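Enquirer: got a structure for you, letters missing:
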């Protein structure tokens, strides 16, 4: 029987690394009855971290999905939960999860508050318009402060946080929580915190509770006109009115309720689950899903979250399995029955959903059918990958794709034997299907396979996966930076002439272009396609180049930009305008104009002041005061720029911008210079021009790596 959509919640747990996301997820599985015992990250027994690599490292690498029941106010709800990684190298896992979720719980460390990766995840959730609750975890940690953490949600994220709970004690004194909506104290007793005891507000906290409750009433009133009238006349809101106003604010993303607890000590998780049901939207409360007509991309379409509408779903994850690929989908509309034929409108291929499963981490429950609002895994899908749409073949729709970050680091990889060589290309194909932020290609010049990813840890885990899980023995080269090319000035009327006479019919193509530096913002304002950070505009008037040869010119310049012009790295942030040219009635062809476009771009780049761009990383180092001098001096020696130093009691938070090429092995160096007490996070920020004196050296090194 299909669950009523209003009783479904699709939500994710996301946060900075080590804020306790997976521990929160484990408690949720225990209290919802999905697990009979709690797994622990530090013991390598967490249900959601089921990969061997995750258990060894104590971190989440891939997002895991599970479905569990929760009873609240006498009603049973179905919770589809996704636990996402916190490490920035696996940001694609967060990205793809947020794309299909209706809500999220952002977890923060009660001592650290909002950290670097918390901001990244928060921005990703903003991009996908995901309503959120905030859970301040680790209130049992020495030095934890709810006031401080709550303040960072406002100051660092600019979010309208509304506290709906406060802790009873912190550190070792943390005993329970006070619910500011019901004005009750809750204690979590028994071996596993499974017995929730409700009591009155402790007398010594009455003033503090009154202050927080006043703030709650004032902020909730801003979410609802009816409540504002009551507030202005001094009338007290009811519990139901407060909840309704907060829910409205959350669904519209105008406010973010803040809860607290300590997952490791089993405090506050049941109350968090109640809040998920009370405040996060059900699929019906999200806008109809938007898409376009595959036959006419300009024509916008939408689908309601209704089991009787034509079927549409988005593939958000593919996991290779010995029994066939598991394709995770979010069903937006319609009903999918086992064995149904579906269409992938992106590539025109027909797919067969031979089996449907409800997932619980790596365990699965077979289903006969599934309906709108659900997250399930399907077997039998052959040609559909992350970001693809699956829909009713008779009523197609193409849903919006996801945003995939570009890799910033690469390394060469060589199979050790002929047998390994045969297995390697299949294995890399499997990994590419699973992980859209991973790339691989064969370099004809050097005869090496090059793999690219989001960071050193990302590539290390891929290498381990190849060797341990896929039994492919490989040697890997040193990590290499993925540089880019750009230009510094505009050039006009650069000609690309391709002329070939070889007896009989010749080849003739002639294209004249302007080339200029360009940004994504400009492309958006000019309504130009900025695919791969390259814009192309056709300004041919009077037919100096026939219409059928315009696209080949664009293909020529785009292919050349992608493979690099001056330094052999992709050319980005440019606009190419085709302004003039000529053709020959007999000798002109599409191939000739493609070559003309290529020659024109090569000529233009030479004149436009080409520069090499390097990836700059945003690095945040948490360092005890005693070692601050060592760390800042080391950052400066790596061509780093210190942007901000924030005081956090006995530690400093140093935010800096450093070229990626200077950051290899940084984690090990940092441990050495701080006796293991400092930690850091790193994420890609932007590409910037490289100093001229270092360009030659970088190019020599990359050529050396290609030998």
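Expert: Structure's in. What do you need? Only a predicted model underlies this, so the values are computations on that prediction, with no experimental measurement involved.

Enquirer: where's the most centrally placed residue in the chain relative to residue 11, distance?
Expert: Nearest to the mean C-alpha position of the chain, counting by C-alpha atoms, centre = their mean, stands residue 95 at 2.2 Å. Residue 95 sits at a distance of 16 Å from residue 11 (criterion: C-beta to C-beta, to the nearest Å). Using the backbone N, CA and C atoms, a C-beta is placed for each residue, glycine as well.

Enquirer: with residue 124 instead?
Expert: Taken as C-beta to C-beta, the span from residue 124 to residue 11 is 15 Å.

Enquirer: which positions within stretch 404-416 qualify as buried?
Expert: 404, 406, 407, 408, 409, 410, 411, 412, 413, 415 (16 or more other C-beta atoms under 10 Å).

Enquirer: quick check: chain neighbours aside, which residue is closest to the fifth one?
Expert: Take residue 409 and drop its neighbours on the chain: the residue closest to it by C-beta to C-beta, 6 or more residues apart in numbering is residue 479, 5.4 Å away.

Enquirer: tell me, how many residues neighbour residue 501?
Expert: For residue 501, the count of nearby residues is 10 (other C-beta atoms under 10 Å).

Enquirer: ok, it to residue 337 distance?
Expert: 63 Å.

Enquirer: so what's residue 15 scoring on pLDDT?
Expert: Looking at residue 15, its pLDDT reads 75.

Enquirer: now do the SS call for the closest residue to it other than its chain neighbours.
Expert: Nearest residue to residue 15, sequence neighbours excluded (C-beta to C-beta, 6+ apart): residue 107, at 3.9 Å. Three-state call for residue 107 (DSSP: H, G, I helix; E, B strand; the rest coil): strand.

Enquirer: for residue 107, what are its contacts?
Expert: 13, 14, 15, 19, 20, 21, 24, 135, 137 (C-beta atoms under 8 Å, 6 or more residues apart in numbering).

Enquirer: cool, and residue 678?
Expert: 621, 622, 623, 624, 627, 631, 670, 671.

Enquirer: quick one on the thing from earlier: dump the contacts of residue 107 to TSV, plus secondary structure.
Expert: Output for the contacts of residue 107, formatted as TSV (three-state DSSP):
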residue	secondary structure
13	strand
14	strand
15	strand
19	coil
20	coil
21	helix
24	helix
135	strand
137	strand
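
Enquirer: for PyMOL, what selects the buried ones among these?
Expert: This is how PyMOL selects the buried members of the contacts of residue 107, with burial counted by 16+ other C-beta under 10 Å:
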select buried, resi 13+14+15+19+20+21+24+135+137
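
Enquirer: and the spatially closest residue to residue 395 that is not a sequence neighbour, how many residues sit next to it?
Expert: Excluding the flanking residues, the one nearest residue 395 by C-beta to C-beta, 6+ apart is residue 310, at 3.8 Å. The number of residues packed near residue 310 is 17, by other C-beta under 10 Å.

Enquirer: so residue 310 makes contact with residue 334?
Expert: Yes: counting by C-beta atoms under 8 Å, residue 310 does reach residue 334; the two are 5.5 Å apart.

Enquirer: now list whatever residues contact both of those two.
Expert: Here residue 310 and residue 334 have 303, 392 as joint contacts, going by C-beta under 8 Å, 6+ apart.

Enquirer: confirm that residue 579 sits in a strand.
Expert: Yes: assigned with three-state DSSP, residue 579 falls within a strand.

Enquirer: mind starting the numbering at 40 from now?
Expert: Okay, residue one is now 40; in that scheme the one you just asked about reads as residue 618.

Enquirer: in the longest strand belonging to the chain, what counts as buried?
Expert: Determined from DSSP state E, the single longest strand within the chain is strand 649-663. Residues 649-662 are the ones in strand 649-663 that count as buried (16+ other C-beta under 10 Å).

Enquirer: what of stretch 261-280?
Expert: 261, 262, 263, 266, 269, 270, 276, 280.

Enquirer: out of these, which sit inside helices?
Expert: Members of the buried residues of stretch 261-280 lying in helices (criterion: DSSP state H): 266, 269, 270, 280.

Enquirer: show me which of the residues you listed is closest to residue 621.
Expert: Residue 621 lies nearest to residue 266 out of these, by C-beta to C-beta, at 71.0 Å.

Enquirer: thought that closest one was touching residue 257?
Expert: No: taking contacts as C-beta under 8 Å, residue 266 lies outside contact range of residue 257: 10.1 Å.

Enquirer: helix, strand or coil for the closest residue in space to residue 436 that isn't next to it in sequence?
Expert: Spatial nearest neighbour of residue 436, excluding adjacent residues (C-beta to C-beta, 6+ apart): residue 330 at 4.3 Å. Secondary structure, three-state DSSP: residue 330 is strand.

Enquirer: what number of residues lie near residue 330?
Expert: Residue 330 has 22 nearby residues by other C-beta under 10 Å.

Enquirer: pLDDT-wise, which helix or strand of this structure ranks last?
Expert: Lowest by mean pLDDT, DSSP states H and E among the helices and strands of the chain is helix 91-96, with a mean of 39.

Enquirer: flag the shaky bits of the stretch 190-339 of the chain, pLDDT-wise.
Expert: Residues of the stretch 190-339 of the chain meeting the criterion pLDDT under 70: none.

Enquirer: which residues of it fall in strands?
Expert: 200-202, 204-207, 215-218, 223-228, 234-238, 295-299, 328-332, 335-342 (DSSP state E, counting those that start in this stretch).

Enquirer: reformat the ones you listed as a markdown table; add distance to residue 496.
Expert: What follows is those, written out as a markdown table (distance: least, C-beta to C-beta, whole Å):
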| stretch | distance to residue 496 |
| --- | --- |
| strand 200-202 | 31 |
| strand 204-207 | 34 |
| strand 215-218 | 35 |
| strand 223-228 | 35 |
| strand 234-238 | 39 |
| strand 295-299 | 30 |
| strand 328-332 | 34 |
| strand 335-342 | 38 |
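
Enquirer: nearest to residue 504, of those strands?
Expert: strand 328-332 (33.3 Å).

Enquirer: and the angle from that closest one to strand 335-342?
Expert: Counting by axes from the mean of the first three to the mean of the last three C-alpha atoms, to 10 degrees, strand 328-332 points 150 degrees away from the direction of strand 335-342.

Enquirer: tell me the strands beside strand 328-332, with direction?
Expert: Partner strands and pairing direction for strand 328-332 (DSSP bridges) are strand 335-342 (antiparallel), strand 437-438 (antiparallel).

Enquirer: other residues contacting it?
Expert: Contacts of strand 328-332 (C-beta under 8 Å, 6+ apart): 337-342, 344, 351, 371-372, 428, 435-439.

Enquirer: how about stretch 494-506: buried residues?
Expert: For stretch 494-506, by 16+ other C-beta under 10 Å, it's 494, 495, 496, 497, 498, 499, 500, 501, 502, 504, 505.

Enquirer: thought the fourth one was touching residue 477?
Expert: Yes: assessed by C-beta under 8 Å, residue 497 is found in contact with residue 477 at 7.5 Å.

Enquirer: any idea what the residue nearest to residue 436 is bridged to?
Expert: residue 340, residue 438.
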